[in-house]
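Peer 1: have a look; sequence and predicted model below, questions after that.
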Amino acid sequence: MAETTDRTSTNARTSARNETGEKGTTLKGRRGTDTPPGMRGDTTVADKVVAKIAGMAAREIAEVHNLGGGMARAFGAVKERVPGGSGDITRGVSVEVGERQAAVDLDIVVEYGASIVETAGDVRTNVIQAVESMTGLEAVEVNIAVHDVHLPDEEEESEPGGGRVA
């Protein structure tokens, strides 16, 4: 009788740390030649990856002006002005990733005139679809905190050339 080494079932997940020490989720595959090739081996998804996916998905909604609270946006504006600095896609995003599930917290700034309730619903739907389709994790909650409303005549803190010195 042939014995196989099926250590874990398909889609079983465990929390792990990668070689840099960052926490992530490992999607355990099955082993052995009787397993389809696409299911052999493990896949690790880092927390930072889930945060980037959530940040991009939130920014896809037209009524979202920016992500992050007041201080986070101020530090982000300074970082963008430093040569070689760039905008942080995960600013205003925090995630908790478990074995099979993920929870996302977002801090957003909404455009003036947009319905905050509808915008939050659109953001929530888009983030859940993106996280679940790209990672295979179940997005159990997406909490949204609206920190500000962007007015059309407000000066953007990250606009180049906004200072006195050129």
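Peer 2: Arrived safely, thanks for sending.

Peer 1: please look at residue 104 and residue 137 and confirm they touch.
Peer 2: No - Residue 104 is beyond contact range of residue 137, at 10.4 Å (criterion: Cβ atoms under 8 Å). The C-beta positions use only the backbone N, C-alpha and C, and glycine is treated the same way.

Peer 1: what packs against the longest helix along the chain?
Peer 2: Looking across the chain with DSSP state H, the single longest helix is helix 116-135. Helices and strands touching helix 116-135, by 3 or more Cβ pairs under 8 Å, 6 or more residues apart in numbering; DSSP states H and E, are helix 47-59, strand 101-111, strand 138-150.

Peer 1: and the last one, which strands flank it?
Peer 2: In the sheet, strand 138-150 lines up against strand 101-111 (parallel) (DSSP bridges).

Peer 1: quick one: low-confidence parts of this protein?
Peer 2: Within the chain, the stretches with pLDDT under 70 are 1-30, 70-87, 155-166.

Peer 1: returning to what we had before: show me which of residue 104 and residue 137 is the more surrounded one.
Peer 2: Between residue 104 and residue 137, residue 104 has the larger neighbour count (other Cβ atoms under 10 Å), namely 27 against 22.

Peer 1: now do the same contact list for that one.
Peer 2: Listed by Cβ atoms under 8 Å, 6 or more residues apart in numbering, the contact partners of residue 104 are 50-51, 54, 93-95, 127, 131, 139, 141-143.

Peer 1: redo these as TSV? Include neighbour count and distance to residue 150.
Peer 2: Listed next are these as TSV, based on neighbours: other Cβ atoms under 10 Å; distance: Cβ to Cβ, whole Å:
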residue	neighbour count	distance to residue 150
50	27	26
51	24	23
54	29	20
93	27	18
94	14	22
95	23	24
127	26	20
131	25	25
139	21	26
141	12	26
142	22	21
143	12	21
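
Peer 1: and of those residues, the nearest to residue 61?
Peer 2: Nearest to residue 61 among the contacts of residue 104: residue 127, at 9.2 Å, using Cβ to Cβ.

Peer 1: so the closest one touches residue 56, yeah?
Peer 2: No - judged on Cβ under 8 Å, residue 127 makes no contact with residue 56 at a distance of 9.2 Å.

Peer 1: just the angle between the longest helix of the chain and helix 47-59, please?
Peer 2: Here the directions of helix 116-135 and helix 47-59 differ by 140 degrees (axes from the mean of the first three to the mean of the last three Cα atoms, to 10 degrees).
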